[in-house]
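[1] what's the 3D shape of this:
(chains A, B, C and D)
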There are 2 protein chains.
Amino acid sequence: MSAPQPHPIPETIAADLALAIHEHRLAPGTKLSEEELGEIYGVSRTIIRAALQRLAHDRLVELRRNRGAFIAQPTVREAREVFEARALLEPRTARSAAERITEADLAALQHHIDDEHAAIAAGEAGRALHLSGLFHREIARIADQETIAEFTDQLIARSSLIIALYWQRRGALCESHAHHALMKAFAARDGALAEELMKNHLLDLLSSLDLRHRATAYASLREALNG
Amino acid sequence: MSAPQPHPIPETIAADLALAIHEHRLAPGTKLSEEELGEIYGVSRTIIRAALQRLAHDRLVELRRNRGAFIAQPTVREAREVFEARALLEPRTARSAAERITEADLAALQHHIDDEHAAIAAGEAGRALHLSGLFHREIARIADQETIAEFTDQLIARSSLIIALYWQRRGALCESHAHHALMKAFAARDGALAEELMKNHLLDLLSSLDLRHRATAYASLREALNG
DNA sequence: TGAAACATAATTGTATACAATCTTCGATAC
DNA sequence: GTATCGAAGATTGTATACAATTATGTTTCA
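    Residues are numbered from 1 along each chain as shown, chains lettered A, B, ... in the order given. This next block holds a predicted model:
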């Protein structure tokens, strides 16, 4: 959606597409036609190509030469590596965050959790997943490590694709408990506990994936973006 | 250099520019004119813009809207964060590498060290620095963690810029000893030792930076790229 | 002399046109 | 009936043209 922004620069469009991917409105493997995207956003292919290139660099989109752009389909190996990388970065980040978190930060985190619950209650699974990612993103921001936070952002985004492909038992709200426990550690400024909880949380996530099968579900571009 | 490739696609040009940055032929702050680059590489601005966008995503180039592209000038804070991130990723990577390294890998690493020494002996400081980075890059490859290796690549590239800006006492061949010690740990398949050595090596690098002053040195585009 | 304002030039941002490549689908041969 | 070849169509790759913005240098006024 959001066609007529004041400056529909590539960045804006890339962000919109990324959101659609996070929320599972665009499924892995979906072809992203340049002309169609151009019509949807009301810009020329020049802008679309820049946006697609950006997404490709974040590994959310795969560019095949002379073939076009497709929503990425992470392999089993990539899925493992992404969560292993997260398990390397985020626990340490959680520790830093716990050691410097402010009351305002705590309130913001709680807000994310509340929104996530509301989305689950409303049956908006995609939005809930996105908000769950934002929880992790917020922690990286609180830790005040911009460079690592950017890597984490990228890994969270790729996790959305991985979950779309390999998470079979979707209904489970397995994250809620872990996020609540993390909140308690943050509130107590217990860095060691936060680190341990985050580590286990990420390993739980990885083990909850079924890396044997791939789920498949497609949707048209206009359906996913215009709504 | 390297103007008439069979397919001077953006990727090729971005790699060439990245090499020039690694080898300190292009200094931080240098303006990258689209038209001039287009003439140098014999392609239109379309290709150049794609290459610049890619480099911007790797933080080697900064894009200022309506102003143009410039070789990035990492801040003091960014310099610290980059080496902290490396200190978080690379020691673990070195451990994995040590545990699975093959004889062929060892030979390749030794080859890098030899090349580096040859470059130092020949007074090619820029090339030596680049080869020093390749040593780290090779370790990430050996560890067989593609995702983390990519992050490491990016951090190594940014380190080149940081060294250009903040490394005052350049003559010192401070890395040689550390790389030799790492080689011994790898040869002994001693993961714990490799992890420890890498950690200290990176902290040494950070502490050898003078984060109070910025060095400045410019060169013309053609001078840096056509040679 | 110094600063502000304007005109001109240069550079980047975007759209469009054309070329190259791939896909599709039908015809033909076996 | 299947497979292969080929032509038409569609899509991406690149170059160019034009618009928008910024940089520069000159003029004018205090």
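
[2] low pLDDT regions in chain A?
    A:1-8, A:169-175, A:215-227 (pLDDT under 70).

[3] how about the residues of it that lie near DNA strand D?
    A:31-35, A:45-46, A:49, A:63, A:65-69 (C-beta under 7 Å from any atom of the strand). Every residue, glycine included, has its C-beta placed from N, CA and C.

[4] Which of those ranks first by neighbour count?
    The most crowded member of the residues of chain A next to DNA strand D, judged by other C-beta atoms under 10 Å in any protein chain shown, is residue A:69 (23 neighbours).

[5] Surely it is in contact with residue A:51?
    No: applying C-beta atoms under 8 Å as the test, residue A:69 and residue A:51 come out as separate, 9.5 Å apart.

[6] For residue B:110, see how far away the residue with the largest distance to the centre of chain A is.
    If you look at how far each residue of chain A sits from its centre, by C-alpha atoms, centre = their mean, the farthest one is residue A:66, at 28.2 Å. Using C-beta to C-beta, to the nearest Å, one gets 41 Å for the distance from residue A:66 to residue B:110.

[7] burial measure for residue A:90, as a count.
    26.

[8] To which secondary structure element is it assigned?
    Taking DSSP states H and E as the definition, residue A:90 sits inside helix A:76-100.

[9] Give the other helices and strands that that helix contacts.
    For helix A:76-100, the packing partners by 3 or more C-beta pairs under 8 Å, 6 or more residues apart in numbering or on different chains; DSSP states H and E come out as helix A:125-142, helix A:146-166, helix A:174-187, helix A:191-207, helix B:76-100, helix B:146-166.

[10] hmm, back to that, which ones among the residues of chain A next to DNA strand D also lie next to chain B?
    residue A:49 (C-beta under 8 Å from any C-beta of the partner chain).

[11] and the residues of chain A next to DNA strand D as CSV, adding secondary structure?
    As requested, these are arranged in CSV below (DSSP: H, G, I helix; E, B strand; the rest coil):
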residue, secondary structure
A:31, strand
A:32, strand
A:33, coil
A:34, helix
A:35, helix
A:45, helix
A:46, helix
A:49, helix
A:63, strand
A:65, coil
A:66, coil
A:67, coil
A:68, strand
A:69, strand
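
[12] Nearest residue to the middle of chain A?
    With the centre of chain A defined as its mean C-alpha position, the nearest residue by C-alpha atoms, centre = their mean is residue A:157, 3.2 Å away.

[13] And that residue, how close does it get to DNA strand C?
    From residue A:157 over to DNA strand C the distance is 23 Å, taken as C-beta to the nearest atom of the strand, to the nearest Å.

[14] And residue A:115, how close does it get to residue A:157?
    According to C-beta to C-beta, residue A:115 and residue A:157 sit 19 Å apart.

[15] Having no further points to raise, I will conclude here.
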